[in-house]
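1. What follows is a protein structure lacking sequence information:
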Ligand SMILES: Cc1ncc(C[n+]2csc(CCOP(=O)(O)OP(=O)(O)O)c2C)c(N)n1
Ligand SMILES: Cc1ncc(C[n+]2csc(CCOP(=O)(O)OP(=O)(O)O)c2C)c(N)n1
Ligand SMILES: [Mg+2]
Ligand SMILES: [Mg+2]
C-alpha cells in the first residue's frame, strides 16, 4: 500500500511503477494481438489497450488486502493489481503453469494472493461480488476496500444497479469504476445507455460520483484517491466514470464496422494514455531515460512470458475432474 | 377510452365511475380480510386497501387496448382495469369459474380481454413484460400504451432498472407507476431504497417523472394524463412515483411489528383516498346521494361475489394437465 | 434431546455455528426485518419463515444483514464475501427465486473453485424454501432442486426431518463448497427429536429410514413422509420396503441405493418435481446403468405431472405425489 | 435445394417467416449492430454468430431490435410482446446467459398459459447458442438444455444439422408455446442440403439417422455427428446401430426410442451435458421405466464429466464426449 495518503499526489517511485504497469499492459495486449493470429491461443480474447490509465490509476492506490473484481476485458486489471505477468500469459495459452492451471483462460484469471477476485465472462457478474467482498472489508474493520470494474455496456445490466443500491444501503466500502470506452460489442454507448451518462445513474443511487478522463493517469489517480478516502472513512460506496477508448475490436477478429474508418487511428494519436503520461513526465521529475529503460524491461518480460508459455505443458487430463466437488 | 383529452379534468360520469372502482376495490379487500379468517381461501393474499386512488387514477385513462402489468398486490389493478369482480373472487377462492379457472389464484389474475396482462408473484417480474407489450403498441402505431405497476420494494430489483433503460432506448410507450406504500414486506422504504427517492432514479434513467400524492385521485389522474400525452405522443416512457400506504399487513396474517402502534389508525384517518375523494366531491358536482348509492351497489356486488364463489365448483382434476404443453 | 420443529432445528444450527465461528454472516430479505420501519423494532420478522429468528439481537447487524429485494445482489454478495474469507448464509426465501439469481449461483459460486484452478473455495450456503402444499401458486411452490443438482460445483441438501436438517446445516456451514440448502415449507412445523448440542451429518450418506425385503423406495424431502405412509399401507399385505432418504442429491449416495436394489430387485423413486430431468430420473438412470442386473421389474417413478403448480386446493393436492400414488407404484413393481 | 451451413439455414428460416408474418420481431444484443456507432453503419454485426444477418435492412428497426445488455429485460420484453400479439424471437446469445434471465423464461413465459387458465398463449422463441468446443471457458460453453427441458411449459429444440434447424425454426415460429431453440456453436458452419423454400419439421418427432440391429444410440445436437463416427467404427466389426436424433427434447419422441430398443435390446445415450439430471438421464429413466422388458444390457450413458467446462484445449477436448468414448460405450453394451 502507498505510504502517501490517498489524496496526495503520487511520489516519483509510484509514478514510475504506474508507468511500468501501464506499459506492461500495453505490451501484453499488443503482443497478444499478434500472437492470436498464430492460432496458438485458444478461445476468444478481449484486449485492454487504450484503457491502461484506468486500471493503473485505480489499482496504484490499493494494497494486497484490498480487492478488485474484473470483467471479460480483464488483463489490464490483473496486471495493475500485481498478478504475475508470466502466469497470466501461461493461463491465456491454456497451460498447466497458468495462474489458474489453464482451466480458466483469458476471461477467468484470478489471483487471490493479490486480492484479485477474478475476471468474469458474465457482463455485470462482478459488481455484486465486489459488494460481498466489501462486506468482508467492513466486518474486518481494517480499512480495506473492494473495487468493481465494469464497462459502459454492463451498466445496463440489472445486477449492476442492484449492487449499487445494496452497497449504499449497507454503507460498505465498494468503489465502482465504470470504464466507458464508447462501445458494448458492436453498439455505441449513446444508443445502449438511455440516460445522459452513467455517472448520473450512480448519483441517483445515492453515492458520490466523479467523471474523469480515463486516458489521463493523473486524473484517474486523483479521483480514486478521493473515492478511497470516502470509502475508507466509512462513508460507503463511491463511483467513478472514466472515459477512454479501446484500440482494438470488441474481441480479436472483430471487423469493427461500427466505427468510423479512421477513428482508432485518431484515437491512438490523441487518446493514448502512455503518450499523454510521457508528455508531462519530465515536469513531474521523471527522466526519459528511466521510462525508456522500463519500456525495454517490459518488452523483455513479455517476450520471455510468451516464449515460456508456448513451451509450457498443458494441464494433465486428471485436472478435468479436480478442483470441483464430483461424485456420481 | 375517455372522450376527454388525456389532460383535461375528468367529467362527472368519469368521476362517479372512478369512485365506484375505488369503492369496489376497498370493499373487495375489506371483505377478503374478513373471509380469509374463515380458512376457506387458499394460499396467501396481499390486500390493496389504501392504494385505490393510484390504480384507479391511472386506469381511468386507459382503454381496453391499453395494457397493464401488475404485481403480487394486484386486486386493485384488476378491478381498476375492468376485470370482472365476481370472476376475480372466484379465482381467489380457487374455483373453476374463476377468471383463470382457479389455476392462478390471487397472485396470478389476468384478463386479456381487458388488457390486463397478469398479476405477478415475482417482485420486479412485471416491468420487462410491460416494455414488451409497449413494443407491440408502438409497432401497431395505434396510440395504445402499456403500464407497469411496481412497488417501492420492487424498485431495488435489477429487472425494473433494465426495463426502464430498455424503454428509454427503444422509446416505447411504457408508463411506470411506482407505488410507494412505505414498506416492502417488513422493511421500510427508507432503509431498502438507498437513494433519496424512487423518482430520482427514474429521472436518471432518462425519462420524465412526477411524484404525486397517491391518496389523491385527482392528483394521480392529472399526472397520468400528462404521462399518457407524453407516451401517446411518441416521446417514450414516463414514470410516476405515487406515495400512499397500505392499511393491512404485507400479507394477511402479518403482525406488523415494524409499524408504529397507531400508524394504521392514523393513516386510515388522514390518508384514506375514499374520504379524501368524498371531501371535495360535491364541489366537483357529485351528489352525496349518488355516492351513497354506489356504496350500496358495491356492497351488494361483493356480497353476491363471495356468496357465489363459496358455492362454485373447484376445477376438474383433468385441469391439472391442460393449458400446458404436456407429453407423457 | 428435545422435540423440535424443523424450523427450530435449522434456527438452532445457525445459532450454534454463528456463536462458534465469527466468519458466518446471514443475509437476505427480512432475515431480521423492521429496518426503516416506524415502530423502531428490529427483529420484526426473523425471516419470512422464522428461520433466522433471534440472530440479530445476538450477533448484530454486521452479521445479520437485511437486504433490499435484489436477489442477484444478495447471492452475488454471498459469493464475493465467501471469496473474501467470510462464510455467508444467504436466504433466497422461495426457491422459485433462483429465476432472478441463477447466474450468481451457477455461473459464479459453482464455478469459482474450478475456473480459478483450485486457488480458492467458495464456502457459501444458500437457503431455499421449496415445495407445494400451501396453495402459493405457480411461482412460489416449485421444488427446483433438480435444476441445481444438475450443476457441477454445487452441493444440494434436501432434508426430510428436523434431526437431519440440523446436522446437515452444521455440515454445510463447515464445508468449503457452495451448498444449496432446500427446506420444504410443509416440513417446517413437523417435529422430531433433535439433540441440543453439536452434531453433523455428512453429505453423500443416505439414511435407511425403513428396512424391508421386497422393494427399494427412494424418496426426497417431504416425499419421505408420504412414502412412509405408503409403506405402512402395503405392509398390511406383507410387502416390506427399504426406504432410502438420500438427504443430499449432490453428492448422491448411489451405493446405498444400489445395495438395497441388489437385495430387493425392485425400485420406486418418489420426487415432488415434474418428471423431466428430475432427480427421480437421475437416480433411475444411474441404477439402470450401474445396477441393471439387480432389477427384476421396471423402475417405478412417481413425480408431479409435467405442469406448473396449480393454485386451487383440489388441483394442488392432485399435483403433489400422494401416499396413494406411491402405494400404487409399489404394488405395481411387485406385480411385474 | 442447396448446400447451406446451419448458420445460413436458420437465417433463411427467419427471413422467410418474417416476410410471411408481420408479427414476428427479432430482438437482442447486436442482432443488427452498429446503433450508436461512429461509422453510421447499421447491420455492423447481424448477431454475434451472424444468424440475424440481413434482417434489419429488410424489416426495419421496429422489427429488428438492438438492445442494451439486459437479458432479463430482453426475455421479459419478448414475453410481454407475445402476450400483446407479437411473435418475438429473442436472441440470448450464449445459452449460459439463462443465468441472468431465467425468471422470465421459467416463471413467466413458461407458466403464463397455465397460470392464466389457458386464456392466453405465449408464442415466443428464445435462441441460445450452446456447447463446448471453442475454448470459450466455463461461462460460455454449457449446453443448458437439460435445465430447460425440466421446465413444464417450454418446448426445447436441439437441432443437429442445417436441414432440421431450418424446418424446426419454421415450426417454432408458427407454434403457440414458448420455444427454447438451442444452436450448437460448433455446428453453425456445418453444411447440408437445405431446400430453399418453406418446410416444417414437427416437434416431438425424432429422426432415425441410421438403421441397425444391435444397439440403439440416442444422441443430441453435436453428439449426433460424433455418434455417426462411432457407429462407422463399430460397423467394421459387424455391429450395426439405430441412431436416433430426438431433435426436440421437449416434447420427446419416446415412442421412436422405445420401438428401437424393442428391436435392439441395447441402448446408449449421448449427451454433451454433465451427467446429473441430464437429458441422457431423463431418457434412460423413461426407458428403464417403460421399456425395461426390452433391455438386454445396462443402459450406456455417455456424458461430459460432472465439472464445469475447462478452458485449455486438451482439457476441453477431454470434457466433450468423443467418438471414441461413444464407440467404447457401444462395445460395452454389446458385451453384456
Ligand atoms: C450477461 C452477458 N451478456 C452478454 C455478454 C456478451 N458480451 C460480452 S462483452 C459484451 C460487451 C460489454 O460491453 P462493456 O460492458 O462496455 O465492456 P467492454 O467490452 O467495452 O469492455 C457483451 C455484450 C456476456 N458476456 N454476458
Ligand atoms: C423476486 C422476489 N423476491 C422476493 C419476493 C417476496 N416478496 C413478495 S412481496 C415483497 C415485498 C414487495 O414490496 P413492494 O414492491 O414495495 O410491494 P408492496 O408489497 O408494498 O405492494 C417481497 C419481498 C418475491 N415475491 N419475489
Ligand atoms: Mg464498453
Ligand atoms: Mg411497498
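-> Nice, thanks for sending it over. For clarity, every value in this text was computed on a predicted model and none was experimentally measured. Ligands and ions are numbered 1, 2, ... in the order given.
2. looking at chain C, which helix or strand does the model trust least?
-> One helix or strand of chain C scores below all others by mean pLDDT, DSSP states H and E: strand C:2-5, with a mean of 95.
3. Tell me who's in contact with the residue in the stretch 201-328 of chain A positioned nearest to chain D.
-> Chain D sits closest to residue A:258 of the stretch 201-328 of chain A, with a gap of 3.1 Å, by Cβ to the nearest Cβ. Just so you know, the C-beta spots here come from the backbone N, C-alpha and C atoms, and that holds for glycine as well. Taking Cβ atoms under 8 Å, 6 or more residues apart in numbering or on different chains as the criterion, residue A:258 is in contact with A:183, A:186-188, D:33-34, D:37-39, D:41, D:44-45.
4. which residues are in contact with the least confident helix or strand of chain C?
-> Against strand C:2-5 from outside (Cβ under 8 Å, 6+ apart): C:12, C:162, C:166, C:188-194, C:196.
5. Parallel or antiparallel, which strands does it pair with?
-> strand C:191-194 (antiparallel) (DSSP bridges).
6. Spell out which strands sit alongside the next helix or strand after the strand it pairs with in the sheet and which way each one runs.
-> The C-terminal neighbour of strand C:191-194 among helices and strands, as given by DSSP states H and E, is strand C:207-210. Paired neighbours of strand C:207-210 in the sheet (DSSP bridges): strand C:241-245 (antiparallel).
7. model confidence over the strand it pairs with, on average?
-> What strand C:241-245 shows for mean pLDDT is 98.
8. what's it in contact with?
-> Outside strand C:241-245, the residues that touch it by Cβ under 8 Å, 6+ apart are C:160, C:164, C:206-212, C:214-220, C:224, C:227-228, C:231, C:234-235, C:256-257, C:260, C:263-264, C:330.
9. can we see that at 6 Å?
-> With contact meaning Cβ atoms under 6 Å, 6 or more residues apart in numbering or on different chains, strand C:241-245 is reached by C:160, C:206-207, C:209-212, C:215-218, C:224, C:227, C:231, C:256-257, C:260.
10. Just list what the next helix or strand after it packs against, helices and strands only.
-> Heading C-terminal from strand C:241-245, the first helix or strand you meet, by DSSP H and E, is strand C:248-250. With contacts taken as 3 or more Cβ pairs under 6 Å, 6 or more residues apart in numbering or on different chains; DSSP states H and E, strand C:248-250 sits against helix C:145-149, strand C:155-157.
11. Filter the contacts of strand C:241-245 down to the buried ones, PyMOL style.
-> Command for PyMOL, covering only those of the contacts of strand C:241-245 found buried under the criterion 16 or more other Cβ atoms under 10 Å in any protein chain shown:
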select buried, chain C and resi 160+206+207+209+210+212+215+216+217+218+224+227+231+256+257+260
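12. Now intersect the contacts of strand C:241-245 with the strands, please.
-> C:207, C:209-210, C:215-218 (DSSP state E).
13. picking that back up, quick check on the contacts of residue A:258: which are buried?
-> A:183, A:186-188, D:33-34, D:37-38, D:44-45.
14. so which two of those are the farthest from each other?
-> Greatest spatial distance in the buried ones among the contacts of residue A:258: D:38 and D:45, 14.8 Å, computed using Cβ to Cβ.
15. For residue C:217, give the beta-bridge partners.
-> According to DSSP bridges, beta-bridge pairing links residue C:217 with residue C:243, residue C:268.
16. which ones are touching it?
-> Contacts of residue C:217 by Cβ under 6 Å, 6+ apart are C:227, C:241, C:243, C:268.
17. ok, back up a step: save the contacts of strand C:2-5 as TSV, and put in neighbour count, distance to ligand 4 and pLDDT too.
-> Below are the contacts of strand C:2-5 laid out as TSV (neighbours: other Cβ atoms under 10 Å in any protein chain shown; distance: Cβ to the ion, whole Å; pLDDT from 0 to 100):
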residue	neighbour count	distance to ligand 4	pLDDT
C:12	22	32	98
C:162	25	34	98
C:166	29	35	98
C:188	19	26	98
C:189	11	28	98
C:190	18	33	98
C:191	15	35	98
C:192	17	38	98
C:193	12	42	97
C:194	23	37	98
C:196	11	40	95
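18. Now flag whichever of those is closest to ligand 3.
-> Set against ligand 3, the nearest of the contacts of strand C:2-5 by Cβ to the ion is residue C:188 (46.6 Å).
19. Name the nearest residue to that closest one, sequence neighbours excluded.
-> Using Cβ to Cβ, 6 or more residues apart in numbering or on different chains and skipping residues adjacent in sequence, the residue nearest residue C:188 is residue C:7, 4.3 Å away.
20. tell me the SS of the one you found?
-> helix (DSSP: H, G, I helix; E, B strand; the rest coil).
21. what about it, distance to ligand 1?
-> 37 Å (Cβ to the nearest ligand atom, to the nearest Å).
22. Now for that residue, how many residues are close by?
-> Using other Cβ atoms under 10 Å in any protein chain shown, residue C:7 has 22 neighbouring residues.
23. Quick check, pLDDT for it.
-> 98.
24. now the one 3 residues further on
-> Per-residue confidence (pLDDT) for residue C:10: 98.
25. Return the residues in contact with it.
-> Applying Cβ under 6 Å, 6+ apart, the residues near residue C:10 are C:51, C:165, C:169.
26. at 8 Å instead, please
-> C:51, C:127, C:165-166, C:169, C:183.
27. same check, this time on residue A:220
-> With Cβ under 8 Å, 6+ apart, residue A:220 has these contacts: A:53-54, A:56-58, A:212-214, A:240, A:242.
28. So which of those residues belong to helices?
-> A:53-54, A:56-58 (DSSP state H).
29. if we can go back for a sec, got a ChimeraX select line for the buried ones in the contacts of residue C:10?
-> Here is the ChimeraX command that selects the buried residues among the contacts of residue C:10 (16+ other Cβ under 10 Å):
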select /C:51,127,165,166,169,183
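30. Chain B next: which of the contacts of residue C:10 are close?
-> The subset of the contacts of residue C:10 lying close to chain B, counting by Cβ under 8 Å from any Cβ of the partner chain, is empty.
31. Go through the contacts of residue C:10 and flag which are in strands.
-> Going by DSSP E, the strands hold C:127, C:183 from the contacts of residue C:10.
32. thinking again about what came up before, closest to chain C among the contacts of residue A:258?
-> The nearest one, if we look at those relative to chain C and count by Cβ to the nearest Cβ, is residue A:187, at 21.2 Å.
33. Grab the most central residue of chain A for me.
-> residue A:77 (2.6 Å; Cα atoms, centre = their mean).
34. ok, that one - contacts?
-> By Cβ under 8 Å, 6+ apart, the neighbours of residue A:77 are A:48, A:55, A:59, A:68, A:70-71, A:116, A:119, A:149.
35. rerun that using 6 Å as the cut-off
-> Counting by Cβ under 6 Å, 6+ apart, residue A:77 touches A:55, A:68, A:70, A:149.
36. and it, which of the three is it?
-> Residue A:77 - assigned by three-state DSSP - is helix.
37. pretty sure residue A:177 belongs to a strand, no?
-> Yes - counting by three-state DSSP, residue A:177 is found in a strand.
38. okay but it is in contact with residue A:149, surely?
-> Yes - counting by Cβ atoms under 6 Å, residue A:177 does reach residue A:149; the two are 5.0 Å apart.
39. the more surrounded of those two?
-> residue A:149 (30 against 27).
40. circling back: mind listing which of the contacts of residue A:77 are in helices?
-> Going by DSSP H, the helices hold residue A:55 from the contacts of residue A:77.
41. the strands in the stretch 151-300 of chain A, which residues?
-> A:174-180, A:183-184, A:187-188, A:209-213, A:238-243 (DSSP state E, counting those that start in this stretch).
42. likewise the stretch 1-150 of chain A?
-> Under DSSP E, counting those that start in this stretch, the stretch 1-150 of chain A gives strands at A:67-69, A:146-151.
43. which parts of the stretch 151-300 of chain C sit against chain D?
-> C:152, C:274, C:276-277, C:281-282, C:284-285, C:288-289, C:292, C:298-299 (Cβ under 6 Å from any Cβ of the partner chain).
44. Kindly recompute the last result at 8 Å.
-> C:151-153, C:250, C:252, C:273-274, C:276-282, C:284-290, C:292-293, C:295, C:297-300.
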